[in-house]
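>>> Got a sequence here, can you model it:
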Amino acid sequence: MLRLCSAALSTTKNNLLLMRILRLFLLATIWLGFSLTAQAQAGRITGVVQDSVTHEPLPFSSVFLANTTLGATTNENGAFVLDRVPKGTYDIVGSYVGYRLSKQTITVAAGATAPAVTLRLTSSGPQLGEVVVKADANQEANYHKFTDLFVGRTAFSKQCRITNPGEVDVVFNDTTKTLTATVDNYVQVENKALGYRIKYYGMHFQYNETSEAVSYEGQTVFEEMKPKDEAQRRQWVANRLAAYNGSQTHFLKSLYDNQLKANNFLAQQVRLVVPLRAARAETELRKKKTPFTPAEVDSLRAWSELPPIAQLNSTTRPIDSLRRVAADGRVFLRFPDELQVVYFGEAPDPAYTAPMSPIGPAEKNMPAKRQVSRLTLLVPETEINPNGTLVNPFDVVPGEYWGFQRIGELLPLDYEPPVAVAKRASASVK
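Numbers count the residues shown, from 1 in each chain. The predicted model follows:
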């Protein structure tokens, strides 16, 4: 009996060991299938970086796809290769110390090598006509104002720091009330909340104190930071997903896939109208057949300068009023006036103190936790990429909650939520 029990125990151990081996084999098979499928779907970019005048190669220059984690360094002949590039349209950027950035738009097809790229950089030359005086009694205050507006004030932004502050030139023009920040090469931000090191090349930042308008431009490249342990790696995965959920990219991806409701989004139209009393008064005044008096001219000017009033149409916008699907399958964002986008299930960041805009009579039946944003379209329509990014991101202006978010929530274009990665992995072994 003892021998039978021992044999049974031995058999059980062997079965458990066999099950573990089979499980590991299955996981490895899935991962291998996913990796091979991903590689088969990915494209390749090759090229060279040269001096724009001499056409001599620029060895060891940086080449990257803007707003992604994909980059390379040229060899001694100025040549580079970018492998495993997901299909799509990108801005490829070349950077070299003492030279201005060079940028080209390139489209990468699945499993194909794109036409060879030649990036020709122009020497920035000596800056003889420009003198910047960095000694300023308000320099520290101006720098803190810049970081507050550029990096942001969210919980994730508080875990970001600029690692090369000495490279940033911050100047306040007292006449125009404009705060400007620039860099000769790049400003580097370390985001310990999301686990990215971000280089912002050619950054030009402006803030107007009177209008409170903020704008900045440049070319970013992301580098994955190495987690100190497994717990930090899991935290970064969770934080990246939290930054993605409810974001503009998440909304546009859901719109592209026709999954707005399934992904907890509500889209509503906001009409911008002239104040009724002013509109009526202007209509009556323009009926005059005699010349306007100076006072009437002043009235017309004052009425024209009145800010429009936002009128919310609380009904859910149908999908066809938000997008157009072309015959070739491409999807375009389109809507009149402004769009109010509500994301349910997550409360706004504690630092966001502005009151959330109302969402209409249905509000009492909706989850209390929500983030309300606005989106303005500057062109009749703009193309959406399959991953939820825009072919031309400057075609829209985000407002309210999306306008509040900054570097702390910034994700690379090639970021994929864990669910999307799992779905692709599962599909690859079917």
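>>> Can you show me the helices along this protein?
With helices called from DSSP state H, the chain shows them at 2-41, 139-150, 230-244, 248-256, 276-285, 294-304, 401-404, 418-428.
>>> So what touches stretch 322-338?
With contact meaning CB atoms under 8 Å, 6 or more residues apart in numbering, stretch 322-338 is reached by 252, 255-256, 267, 269-272, 310, 317, 321, 339, 374-377, 380-384, 390, 396, 399. Backbone N, C-alpha and C define where each C-beta goes, glycine included.
>>> try it again with 6 Å
The set of residues external to stretch 322-338 that reach it, using CB atoms under 6 Å, 6 or more residues apart in numbering, is 255-256, 267, 270-272, 374, 376, 381-384.
>>> can you tell me how far S62 sits from D51?
15 Å (CB to CB, to the nearest Å).
>>> ok, these two, which is more surrounded?
S62 (22 against 16; other CB atoms under 10 Å).
>>> quick one, strands of the stretch 301-430 of the chain?
Per DSSP state E, counting those that start in this stretch, the stretch 301-430 of the chain carries strands over the ranges 309-313, 323-325, 331-333, 338-344, 370-377, 382-384, 396-400.
>>> let me redo that: the stretch 51-200 of the chain
Counting by DSSP E, counting those that start in this stretch, the strands of the stretch 51-200 of the chain are 62-65, 71-73, 79-85, 88-95, 102-108, 117-121, 160-162, 168-173, 178-183, 186-191, 196-208.
>>> Adjacent strands (with direction) for the longest one?
By that I understand strand 196-208. Applying DSSP bridges, strand 196-208 is found paired with strand 178-183 (antiparallel), strand 186-191 (antiparallel), strand 214-224 (antiparallel).
>>> Now the second one: average pLDDT?
Just to be clear, that refers to strand 186-191. Here strand 186-191 scores 95 as its mean pLDDT.
>>> how far does that strand sit from the chain's center?
16 Å (CA atoms, centre = their mean, to the nearest Å).
>>> what's it in contact with?
Taking CB under 6 Å, 6+ apart as the rule, strand 186-191 contacts 160-164, 168, 197-201, 203, 407.
>>> Quick check: the farthest pair among these?
R161 and Y201 (18.4 Å; CB to CB).
>>> From the neighbour counts alone, determine which of the two ranks first.
Each of R161 and Y201 has its neighbours counted (other CB under 10 Å); Y201 has more, 21 against 13.
>>> pretty sure the more buried one is touching S95, no?
Yes. Y201 lies in contact with S95 (CB atoms under 6 Å); the separation is 5.5 Å.
>>> joint contacts of these two?
Common neighbours of Y201 and S95 (CB under 6 Å, 6+ apart) are L101.
>>> now, of the strands paired with strand 196-208, which is deepest in the fold?
strand 186-191 (a mean of 21; mean count of other CB atoms under 10 Å).
>>> Only alpha carbons, please: show that strand as PDB.
Only the C-alpha atoms of strand 186-191 are listed here, as PDB (Å, rounded to 0.1, in the frame of the first residue of the first chain):
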ATOM      1  CA  TYR A 186      16.700  68.900 -27.100                       C
ATOM      2  CA  VAL A 187      15.100  69.100 -23.600                       C
ATOM      3  CA  GLN A 188      14.900  65.700 -21.900                       C
ATOM      4  CA  VAL A 189      12.100  64.800 -19.600                       C
ATOM      5  CA  GLU A 190      12.200  61.700 -17.300                       C
ATOM      6  CA  ASN A 191       8.700  60.400 -16.600                       C
END
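>>> Run a quick neighbour tally on L255.
21.
>>> Residue ranges in this protein under the pLDDT threshold?
1-40, 125-137, 273-282, 284-285, 300, 303-307, 362-364, 420-430 (pLDDT under 70).
>>> Swap in 80 and give it another go.
1-41, 125-138, 272-290, 292, 296-310, 361-368, 419-430 (pLDDT under 80).
>>> returning to that earlier point: can I get the strands paired with strand 196-208 in TSV including distance to F292?
TSV is the format used below for the strands paired with strand 196-208 (distance: least, CB to CB, whole Å):
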stretch	distance to F292
strand 178-183	36
strand 186-191	52
strand 214-224	37
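>>> Mind checking those for the one nearest to G403?
Using CB to CB, the nearest of those to G403 is strand 214-224, at 8.8 Å.
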